[in-house]
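Visitor: My questions concern the predicted model and sequence given below.
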Amino acid sequence: MTTTHEHAQDIVDHGDHTHGGPGGADPHAPIENTAAEPDYFDVLQQAIRELLVDKGLITADEVRAMVETLDAHQPALGSALVARAWTDPDFKARLLADGTAAMEEFGIDNYDGTRLIVLEQTPDVHNLVVCTLCSCYPRPVLGLPPDWYKSRPYRARAVREPRALLAEFGTDVPEDVTIRVHDSNANMRYLVLPMRPAGTEDMDERELAALVTRDTMIGVTTPRQP
């Protein structure tokens, strides 16, 4: 479903959510990067995990193995994926056609079984990713989400005033560029493929990957300049 908000060129794509979360955020509250105290859901998931271990349904070693898997997946994997797409047109085409298959082809374990959709930034369209109900996030390619991505102000303002929100990240999107806001869900995650910066024609994949940050692949910033 797509809906048009106040700005005629700010468009929101909502996935078909199958999960729940809190709402009612102040749309003008600032985005903060400070770590928050554990909330209700943090306490709940810890209690459930401990109960499952106590009941013998899972083991502490299995929990530890999953934590190690999560820790092994970092934004550098996504950066390398972007760099390959920038240097290999055939791979880029496969990545845009089927992000999940291309990610696995690249050697990244899609351990959570979700579908990955890759969104290409263009001179006419700027893509921004959010999860309005909680914090669905492409963890196999980006690791754990930043605290601000999970915050209520970000989740609300990404939909209501994306242009103003991006400006706070230092990203000024021209008025003639359409902003498309993509709402992740439990089964489908998004990754932004940024435009390759000018002046990088002689750079190799490793050098190019260093220009791509986690925030670039969420869509709140653009690549570093060489």
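Guide: Yep, that arrived. Residues are numbered from 1 along each chain as shown.
Visitor: CA atoms for contacts and neighbours, from now on please.
Guide: Fine.
Visitor: Would you verify that residue 220 is located in a strand?
Guide: No: Residue 220 is assigned coil when assessed by DSSP: H, G, I helix; E, B strand; the rest coil, not a strand.
Visitor: what are the phi and psi angles of it?
Guide: Backbone torsions for residue 220, taken as degrees, to the nearest 10, come to phi -90, psi -20.
Visitor: Looks like it contacts residue 121 (just checking).
Guide: No: the pair residue 220 and residue 121 does not pass the contact test of Cα atoms under 8 Å, sitting 11.6 Å apart.
Visitor: what about residue 186, which SS state?
Guide: Note that with three-state DSSP, the state of residue 186 is coil.
Visitor: So that it lines up with my notes, have the first residue be 55 from now on.
Guide: Done: numbering now begins at 55, and the last item shifts to residue 240.
Visitor: Phi and psi next, for it.
Guide: phi -60, psi -20.
Visitor: Is it in contact with residue 167, as I believe?
Guide: No: under the criterion of Cα under 8 Å, residue 240 makes no contact with residue 167, lying 10.1 Å away.
Visitor: between those two, which one's more packed in?
Guide: Neighbours per residue, other Cα atoms under 10 Å: of residue 240 and residue 167, the larger number sits with residue 240, 18 against 11.
Visitor: For the more buried one, give its distance to residue 166.
Guide: From residue 240 over to residue 166 the distance is 10 Å, taken as Cα to Cα, to the nearest Å.
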